[in-house]
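Engineer: next comes the sequence, and after it the predicted model I'd like to discuss.
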Amino acid sequence: MGMRVDCEECLFEPVKRLKINLLEFIKNGEFGILKLGESRECLLNNFPNPDGFEDGDDWKNGRLEIFTYGDIEFHFMDDKLYLIFADYFNILDGGVSLYFEEKWIFEKEAHLLTVEYISQKLQEEKIEFSIKLSNLRDENRVLIRTEEGVEFLFIAEHNEPVLMAVSLLND
C-alpha cells in the first residue's frame, strides 16, 4: 500500500486552471482579465504558466513573444499584448491551464462554424458585426468583425468557406 503525501510535502504545485468565458471575449474583447495593451508581466502574474512559447529572431532582445495555451496564442511586441489568436483548431482547446467555463459557439467543431451559423449566433446575442468578402491568391475569404474587433476568418478554396482563425488585433 502506498503512502499518502500531503500537498505541503509535494514537490510540484497542482496545476491551477484559469476560467475563461469565450462569449464575453467575443462581446467585449477581454480574455478573462487580459485585454489588448496589457503587459507581458500582467499575463505572467495573473495567468498560470503557458503551455509553451514561440519565438523568432526578435525574441532574443525581448521584442516579440508568443505564449500558447492549447490553441490560444497571446502575441506580445515590446512586452505589450497586441494579438489574441487561434487558428487551425477542431474544437477550441485551452490546454492544461485554461478552462472555458462558457465555450458558446466553440463547443462545436470548427467545420460546423459556418458564416451563417456564426452570424445568427452573433445576432441572437445582439453583438454588432460586419462581413467583408475578398479574394486572395484564388482563395475566397470572408471576414466577420465585431464592433469590439474580434474577427472570424473563413477561407474557401473550392467550396463553402471554413473557419480558419479567430483573433483580436490591436489596430
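Structural biologist: That came through fine. Numbers count the residues shown, from 1 in each chain.
Engineer: dump stretch 85-99 to CSV, restricted to CA.
Structural biologist: The C-alpha trace of stretch 85-99 is given here as CSV (Å, rounded to 0.1, in the frame of the first residue of the first chain):
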residue,chain,number,x,y,z
PHE,A,85,-5.2,34.4,-31.8
ALA,A,86,-6.3,30.8,-32.5
ASP,A,87,-6.2,29.1,-35.9
TYR,A,88,-6.4,25.6,-37.4
PHE,A,89,-8.3,24.2,-34.5
ASN,A,90,-11.0,21.5,-34.5
ILE,A,91,-12.7,22.2,-31.1
LEU,A,92,-11.1,25.1,-29.4
ASP,A,93,-8.9,23.9,-26.5
GLY,A,94,-7.3,26.0,-23.7
GLY,A,95,-4.6,23.4,-23.0
VAL,A,96,-3.5,22.5,-19.5
SER,A,97,-4.1,25.9,-17.9
LEU,A,98,-7.2,27.4,-19.3
TYR,A,99,-10.7,26.1,-18.7
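Engineer: hmm, who's touching that stretch?
Structural biologist: With contacts defined as CB atoms under 8 Å, 6 or more residues apart in numbering, stretch 85-99 is touched by 15-20, 22, 47-51, 68-73, 75, 100, 103, 106-111, 153, 164-168. From N, CA and C alone the C-beta is placed, and that goes for glycine too.
Engineer: again, only using 7 Å
Structural biologist: 15, 17-20, 47-49, 51, 69-73, 75, 100, 103, 106, 109-110, 164-167 (CB atoms under 7 Å, 6 or more residues apart in numbering).
Engineer: chain neighbours aside, what residue packs nearest to the residue nearest the centre of the chain?
Structural biologist: The structure's the chain has its C-alpha centroid closest to I72; by CA atoms, centre = their mean the separation is 3.9 Å. Using CB to CB, 6 or more residues apart in numbering and skipping the chain neighbours, the partner closest in space to I72 is A86 (5.3 Å).
Engineer: from N45, how far off is that neighbour?
Structural biologist: 23 Å (CB to CB, to the nearest Å).
Engineer: ok, those two, which is more surrounded?
Structural biologist: Counted by other CB atoms under 10 Å, A86 and N45 do not tie: A86 has more neighbours, with 20 against 8.
Engineer: got a pLDDT number for the more buried one?
Structural biologist: With respect to pLDDT, A86 has a value of 95.
Engineer: same question, I72
Structural biologist: In the predicted model, I72 carries a pLDDT score of 94.
Engineer: my read: E65 touches D78, true?
Structural biologist: No - E65 is beyond contact range of D78, at 9.9 Å (criterion: CB atoms under 7 Å).
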